[in-house]
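# after the sequence you'll find the predicted model.
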Amino acid sequence: MSKTKTSGLTHYEILFIIPNKFTDDEAKKVSEQVEKILTDGSASITLRDYWGKKKLAYEIKHNSFGYYSLFEFDLNGAQLAAIDKSLRLFSDILRHQIVVKKQKTAEELEKAKKIQARIESKRAEKKKVEEEKAAEAAPKKPAKESKRRSGDLKDLDQKLEGILNAKDLI
């Protein structure tokens with residue numbers, strides 16, 4: 001029995017890192033080149049996700065930052081080795097990893113959306129509570145002090161005027 005699946009399409013996911021020597025627009029072009037390598041290898045891409053510039057966990061070839069990009073695609077298992085070799089030889093990629101990804105059913109996607117919505121509502125609720133606590137903890141300024149200050153400014157202006165108009169300053 002073979003370890004590689006030779007018949008039927010398998011769903012894969014590839015995550016790759018583009019070095020920081022490129023600008024954001026150039027990194028997107030490199031990502032398009034990787035997409036072309038995949039489609040030339042007869043892969044049908046189902047998801048494209050460009051994550052942008054992120055800090056790497058450790059330096060890779062003297063790069064501390066890189067542009068992350070993720071693709072999901074369907075491909076015959078026998079052709080995966082050729083695509084992997086092409087990507088290893090592609091010099092504009094720091095690292096890449098291809099893994100088999102289980103395709104989610106419509107029910108699983110709906111369940112994931114509900115969970116995500118619940119998480120977002122809890123985050124919003126928590127943020128609201130924190131903002132209310134911060135508003136309560138903020139010191140309140142009495143209105144009387146502001147009136148005193150405006151009165152104090154008038155007095156200060158009069159004193160300053162008196163000093164400037166004095167003839168014996170020098």
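Done, it's in.
# in the chain, which residue is closest to the centre?
Trp51 (6.0 Å; Cα atoms, centre = their mean).
# mind listing what the closest residue to that residue other than its chain neighbours touches?
By the measure of Cβ to Cβ, 6 or more residues apart in numbering, the closest residue to Trp51 outside its immediate chain neighbours is Tyr68, 3.9 Å from it. Yep, even glycine has a C-beta here, placed from its N, CA and C like the rest. By Cβ atoms under 8 Å, 6 or more residues apart in numbering, the contact set of Tyr68 is 15-18, 50-52, 54.
# wait, a strand at Tyr68?
Yes: under DSSP: H, G, I helix; E, B strand; the rest coil, Tyr68 falls within a strand.
# in the sheet, which residues pair with it? Tell me.
Ile17, Gly52 (DSSP bridges).
# kindly report the same for the one 4 residues further on.
Judged by DSSP bridges, the bridge partners of Glu72 are Glu13, Leu47.
# pretty sure it contacts Ala43?
No: counting by Cβ atoms under 8 Å, Glu72 sits too far from Ala43 to count as a contact (9.9 Å).
# which neighbours do the two share?
Tyr12.
# the more surrounded of these two?
Neighbours per residue (other Cβ atoms under 10 Å) separate Glu72 from Ala43, with Ala43 holding more: 22 against 16.
# show the contacting residues for the more buried one.
Taking Cβ under 8 Å, 6+ apart, one finds 12, 73-75, 79, 83 in contact with Ala43.
# most neighbours among the residues you listed, which one?
Busiest of those [other Cβ under 10 Å] is Phe73, holding 24 neighbours.
# who's in contact with that one?
Contacts of Phe73 by Cβ under 8 Å, 6+ apart are 11-14, 38, 43-46.
# where's Phe90 relative to Lys122, distance?
For Phe90, the distance to Lys122 equals 42 Å [Cβ to Cβ, to the nearest Å].
# among these two, which residue is more densely surrounded?
Phe90 (14 against 10).
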